[in-house]
Every structure is written in structure tokens, then in C-alpha cells.
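Visitor: any chance you could fold what I've pasted below:
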Amino acid sequence: MIKRYNALVFAFILGIVVGGWQTPLRSAQFRATRTTDLMKTDLAGWCDGKEVLVSMTESAPGTSGKHYHPGHSFAMVLEGSQVRIIEGKPDVVAKAGDMLYEEPMEVHTSKNTDPVKILTFRILEKGKAVTTRIEESAR
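Guide: Numbering: from 1, shown residues only. Got it, this is the predicted structure:
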């Protein structure tokens, strides 16, 4: 009976230790995001093949994962704050009232610990996806 009890205690402690190692992995999961397109306008006649997209994005805490946008992106943080991470460059912390610019095809990750609300203005090639995710290899 005592051996069985010791085995249960060992299994319980092992579960706590392994669960503790997994916490950072779970917290790095993609954040829940809701994007509302406010306006989309074709720039034909002035800038053929391009369009403007204005959208409002609300994100729960978490990470966007690595991704890029095919066009020029101008964003204003309306509420909360987030960190933009680009390899080889210093991290940028943007808080309410700050503006961000993202170059076309610039691979980056956005992270936030609290909810964030962002207004984005993009100039895109017509028909292209707004966001392309980059698959990260398992480590």
C-alpha cells in the first residue's frame, strides 16, 4: 500500500513539474484576434492594381506568430500596447497614441500581455492576402 501511495505522489509531483515546463509554451500561443474592415477602396486611375484597406483589429493577450503583409502598413495603437519584434532590429514597444510603419514583406511578430486595439491603413496590391503567416519549425 505504501509503495502504491509513493508512486501516486511521485506521479503527481512529476505532473506539476512537467506542467510547469509547458506553461511558457501555452502562453506563447496565437492570440485571439477580431479584425473589422472599415473601408476598402480601389485606387484605379491613380495607382492601378492597388487598393487601400482600413481596418480595426482587437487582439487578446498573446502573440501573432511570425508573419508579413504584402503592402505598406500604417497603424495607430488606440488602446493597450504591444511589442513588435523584427529579427536583427531592436524590439519596438507601441502604446496608445503611437504610430507604427511596416514595410512590405517585413517579417515580424507582435506580442501583447493585455488586450490591444489598433487602427490600420494599408496600401495593397489588389487580390493579395492581407497577411501571410510564416510556419516556424519545431524546436
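
Visitor: excluding chain neighbours, what is closest to the most centrally placed residue in the chain?
Guide: By CA atoms, centre = their mean, the mean C-alpha position of the chain lies nearest to Ser64, the distance being 1.8 Å. Of all residues not flanking Ser64 in the chain, Ser110 sits nearest, at 4.3 Å (CB to CB, 6 or more residues apart in numbering). C-beta coordinates here come from the backbone N, C-alpha and C atoms, glycine included.

Visitor: return the residues in contact with the one you found.
Guide: Residues near Ser110 by CB atoms under 8 Å, 6 or more residues apart in numbering: 59, 63-64, 82-85.

Visitor: most surrounded residue in these?
Guide: Neighbour counts for the contacts of Ser110 (other CB atoms under 10 Å) peak at Gln82, which has 26 neighbours.

Visitor: right, and that one touches Asn112 too?
Guide: Yes: using CB atoms under 8 Å, Gln82 is in contact with Asn112, at 4.0 Å.

Visitor: which residues are common contacts for the two?
Guide: With CB under 8 Å, 6+ apart, Gln82 and Asn112 have common neighbours Ser59.

Visitor: how much space between the residue nearest to the centre of the chain and Ile118?
Guide: Per CB to CB, to the nearest Å, Ser64 is found 11 Å from Ile118.

Visitor: tell me how the protein divides into domains.
Guide: If you go by automatic domain parsing, the domain ranges for the chain are 1-29, 33-133.

Visitor: out of these, deepest packed?
Guide: Mean neighbours per residue, mean count of other CB atoms under 10 Å, is largest over the domains of the chain for domain 33-133, with a mean of 15.

Visitor: and that one, how far out from the chain middle?
Guide: With CA atoms, centre = their mean, to the nearest Å as the basis, domain 33-133 stands 9 Å off its chain's centre.
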